[in-house]
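Asker: Need coordinates for the below:
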Amino acid sequence: MNHPVQPLLSAQADAPYWNAQLQLSTRQTERGTRLVQCEHNGPLYVQKPFYPEGPDCAHLYLLHPPGGMVSGDFLTINVSAGENSHVLVTTPGAGRVYRARADGLLQQQKVQLRVDNNAALEWMPLETILFPSSRAQLETEVHLGENSRYIGWDIVSLGLPANGSRLDDLGQHTTLKQGLRIYYKQQLLLNERLSLHPGNSELLNAAAGFRGMPVHGLLVAGPFTQGFCEQALEKLQELCADQLAGVSLNGQFLSVRYLGTCSEQARLLLSDAWAIIRPQLMQRPACAPRIWAT
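Answerer: Now for the predicted structure:
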């Protein structure tokens, strides 16, 4: 069911913002994985599902027509992979968090992902670009069922490196709160937090921080209840060896991290890592969404 798109207004009559929601659910049927719920309020949509891997894995392209968030925007995205279904969610282009207005309102995105019993969900959006003086709060929460599998990544570019945007300038005015939490039966299994604000802008150049690199990426996959193949782990380590990147196995979850100067390079690295990890976790070879090639 599609709801009419209506802008919500802030206290300033001439400063509109969006409170947009998207609810997606998939179910495994006799014809494979099908999108059985697609409800939205505001400018968040998906195209029809695509099936480049056959009927048992649906690829969904999330669309946000404004192309970015302004002060006061709050995007809520809920995706539920029903029992035995498999869904991959991506975006056709980069997301943007624009310069905040003087009212200081946050620019927020909350993603809630539910993976039911024996289901698989892959969350693989293209990068998010933070413009100077933006105020971003980006939260992702994952709830896992029995024998479920999850692969997700986030790539964030601090500023516009190709345009000569300097991290030092960015850190004086920009705030970023980013979080990833993964739960199993209400038990917190993994908690990743990043907080960047003018008071700790020294992290931008610190050896234990961003090391002067404007782009960071994180891929998380699991749970690997039977452990992870040693040979595949060695391949991942070789993949990361020539870049400022690394791989670690923390409990049942595998993490691949990237620091660098190019969001495209980050996506290529994480895509290559995904191609190694996916057959191990989901017993499927990598099949990149067609939209990435356009």
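
Asker: CA atoms for contacts and neighbours, from now on please.
Answerer: Fine.

Asker: Where do the strands of the stretch 51-200 of the chain begin and end?
Answerer: 58-63, 74-81, 86-90, 95-97, 107-115, 120-123, 128-130, 135-144, 149-158, 175-184, 187-196 (DSSP state E, counting those that start in this stretch).

Asker: Would you mind telling me which of the ones you listed is nearest Ser248?
Answerer: strand 187-196 (13.1 Å; C-alpha to C-alpha).

Asker: so how far is that closest one off the chain centroid?
Answerer: Strand 187-196 has its C-alpha centroid displaced from the chain centroid by 14 Å (C-alpha atoms, centre = their mean, to the nearest Å).

Asker: so what strands line up beside that strand?
Answerer: Strands adjacent to strand 187-196 in the sheet, as given by DSSP bridges, are strand 175-184 (antiparallel).

Asker: Now the strand it pairs with - C-alpha only, PDB.
Answerer: Once non-C-alpha atoms are left out, strand 175-184 reads as follows in PDB (Å, rounded to 0.1, in the frame of the first residue of the first chain):
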ATOM      1  CA  THR A 175      29.100  15.900  13.900                       C
ATOM      2  CA  LEU A 176      28.600  12.200  13.200                       C
ATOM      3  CA  LYS A 177      27.100   9.500  15.400                       C
ATOM      4  CA  GLN A 178      27.100   6.100  13.800                       C
ATOM      5  CA  GLY A 179      26.100   2.800  15.400                       C
ATOM      6  CA  LEU A 180      25.600  -0.800  14.500                       C
ATOM      7  CA  ARG A 181      24.000  -3.300  17.000                       C
ATOM      8  CA  ILE A 182      23.300  -7.000  16.300                       C
ATOM      9  CA  TYR A 183      21.000  -9.000  18.500                       C
ATOM     10  CA  TYR A 184      20.100 -12.600  18.800                       C
END
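
Asker: Next, the residues that contact it from outside, please.
Answerer: Residues outside strand 175-184 that contact it (C-alpha atoms under 8 Å, 6 or more residues apart in numbering): 133-145, 188-198.

Asker: Make a PyMOL selection of whichever of those turn out to be buried.
Answerer: Applying 16 or more other C-alpha atoms under 10 Å to those, the buried members can be selected in PyMOL as follows:
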select buried, resi 133+134+135+136+137+138+139+140+141+142+143+144+145+189+190+196+197
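
Asker: That concludes my questions; thank you for your assistance.
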